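*Asks:* Give me a 3D structure for the following:
(2 chains)
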Amino acid sequence: MAEQRVSIYSLRLRSLVSVLLLLSAWELAARMHLTPPLFLPPFSVVAMQLGRSLADGTLVADLALSLYRTFAGLALAAAAGVLIGMLMAQSRFVHWMIDPIVALAFPAPKIAFIPVFILWFGIESLSKILLVAFACVFPVIIGTYSAARSVNRIFLWSAFSLGTSKTALLGRVILPACYPRIFATLRIALPVALITTFTAEMVAGGGGMGATLIYSQRFFESPTVYAYIVIMLCVGLVLDAAMVKFQSRYLAWSE
Amino acid sequence: MMPRPYFKGWLLRVVPLLLLVGVWAFVSATKLADPAFLPSPLAVLAAFSDLLSGGEIARNLLITLFRAAVGLVLGAVSGVWIGLMMARSQIFRAYVAPIVGGTYSLPKSALIPLFALWFGIGNVTAICAVYLACLLPMIVNTFHGVTATPKVLTWSAEALGTGDREMLSRIYLRHALPDIFTGLRIALGFSFVLAISSEMIASTSGIGKLVFMYGENGTYDYMFGALSCIVIVAFLADRAMLAVTAYCLRWHESAARAETA
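*Replies:* Okay, the predicted model is just below:
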């Protein structure tokens, strides 16, 4: 660690000061017309717009739709990814079949497939959910596979010597042993799911946070643009904090 | 810990991909899927070679790669610097940490409309989006790598009279190098995603715009042709990054493990 000895309170204070400085610099720059108000509306105006969007329910409806798409896609990716990853770890034939496809698809920017998903599944929720699932499934496959390959041998031998059947071994030993790493992978996949949802909504429309954001930008309603970005920032923070909380509460045994 | 390959040789790794193309050809030949929605592999191949020979792909791909590369390099350089500063100075960390923590989980594509408002459509917007998306994983990974430097290393170096500047480059950054490369691989993926997203949202050029335009015009064989080009380029870039990482870290213990595995 660094050499300086600084009390924890003075560090906390500095963190608070840093955020306040940023917000007041924003407010001041906008109020002093250093930038056109179209580019940077004052923070107070954005906060008021945020309150209005919350009060008339548009923000809540957009957020609910976006989160529904994000989590439906993530759930699909988790189910399919865990299944495929487990099969790959159990059977060398499945591994041989799937591995090259995963290797090719994993680094591909899945967002480029938006036009294909629009073509096949329309512009409503279905195409977005499937695109999110497509973007998240490959990290889940890789995470599950490598977790299942590295299950402690001693668990397997103990289960075998106690007469556990092969299917019971999978469900009662291997899968539970993989939970922590699968969850860690889902924590990585969640921001990917959010980015994919918002971007797909921005490009294809069909409602949701991203669609409203891009409409507000096209009609130069800057306070709404900023208000929605602030909400997206909070959503990312809250969801990640919730996952960390869940991890330390239910998966602490893996530490 | 890879399992013993089912069949040997990388050529056999291509077989499943060819099988996939075979299924695709079968589905489109037997009209199981409407050919308007899924053009046959041959039609896509023809479109692909037409795009290649016409220079359409090369021109737009170069624009996209330029945007992704500039954003990635700027993001990597400033990310390493900020991460190093955060790890070495408590006061700097106190100021910067809430901003990094707050923006880390922000879906960076949300900022594209904002950048479009500020900088108009085109290069600057795309580069800014790529830059921010690459910056944060680089900061976080560098920070972790530097803070995890074992005391034994720093004490030994100090005892041998290593100066402050040399400590940074020869001890802290050197120890963080594997983490920095992990961050770089994540950033590389983000750079493609953000460059293509911002082209679809706010641009008149680039490979993302090209795919989107063919999709809107209904020339689906060309859309799939351009799309397969993106997949191939992203795959090659990822492999190149892995090769560079393996070369740069050949002294590291992770390299020895890879060899024995």
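
*Asks:* In space, what's closest to whatever residue of the stretch 51-200 of chain A ends up closest to chain B - neighbours in sequence excluded?
*Replies:* Distances between the stretch 51-200 of chain A and chain B by CB to the nearest CB are smallest at residue A:115, namely 2.8 Å. Every residue, glycine included, has its C-beta placed from N, CA and C. Leaving aside its sequence neighbours, residue A:115 sits nearest to residue B:215 (CB to CB, 6 or more residues apart in numbering or on different chains; 2.8 Å).

*Asks:* Tell me how many other residues surround that neighbour.
*Replies:* Around residue B:215 there are 23 other residues, counting by other CB atoms under 10 Å in any protein chain shown.

*Asks:* Please list all residues in contact with the residue of the stretch 51-200 of chain A closest to chain B.
*Replies:* Going by CB atoms under 8 Å, 6 or more residues apart in numbering or on different chains, residue A:115 touches B:211-212, B:214-216, B:223, B:227.

*Asks:* now these in CSV, with secondary structure and pLDDT?
*Replies:* Shown next, in CSV, are these (DSSP: H, G, I helix; E, B strand; the rest coil; pLDDT from 0 to 100):
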residue, secondary structure, pLDDT
B:211, helix, 89
B:212, helix, 88
B:214, helix, 88
B:215, helix, 86
B:216, helix, 85
B:223, helix, 89
B:227, helix, 90
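
*Asks:* Could you identify which of the residues you listed has the most neighbours?
*Replies:* residue B:211 (27 neighbours).

*Asks:* Can you tell me which helices and strands the helix or strand containing residue A:199 packs against?
*Replies:* Using DSSP states H and E, residue A:199 falls within helix A:175-204. Packing partners of helix A:175-204 (3 or more CB pairs under 8 Å, 6 or more residues apart in numbering or on different chains; DSSP states H and E): helix A:58-90, helix A:114-121, helix A:125-149, helix A:209-218, helix A:222-250, helix B:173-201.

*Asks:* got the buried residues for that helix?
*Replies:* Neighbour counts over helix A:175-204 (16 or more other CB atoms under 10 Å in any protein chain shown) mark A:175, A:177-178, A:180-186, A:189-204 as buried.

*Asks:* Contact residues of the stretch 51-200 of chain B facing chain A?
*Replies:* Residues of the stretch 51-200 of chain B lying near chain A by CB under 8 Å from any CB of the partner chain: B:87-91, B:93-99, B:101-114, B:116-118, B:147, B:188-189, B:192-193, B:196-197, B:200.

*Asks:* ok now the helix holding residue A:199, how far from the chain's centre?
*Replies:* Centroid displacement of helix A:175-204 relative to its chain, using CA atoms, centre = their mean, to the nearest Å, is 4 Å.

*Asks:* Then stretch A:111-129?
*Replies:* Centroid separation between stretch A:111-129 and its chain, computed with CA atoms, centre = their mean, is 19 Å.

*Asks:* again with stretch B:179-198
*Replies:* 3 Å.

*Asks:* Grab the nearest non-local neighbour of the residue in the stretch 151-255 of chain A that chain B sits nearest to.
*Replies:* Residue nearest to chain B within the stretch 151-255 of chain A (CB to the nearest CB): residue A:236, separated by 3.3 Å. Distances taken as CB to CB, 6+ apart put residue B:105 closest to residue A:236, at 3.3 Å, once the chain neighbours are dropped.

*Asks:* Then residue A:239?
*Replies:* Spatially, and ignoring its direct neighbours in sequence, residue A:239 is nearest to residue A:190 (6.1 Å; CB to CB, 6+ apart).

*Asks:* ok and the residue in the stretch 51-200 of chain B nearest chain A?
*Replies:* residue B:105 (3.3 Å).

*Asks:* Find the closest residue to chain A in chain B.
*Replies:* For chain B, CB to the nearest CB, closest residue to chain A: residue B:215, 2.8 Å.

*Asks:* That'll do, ta.
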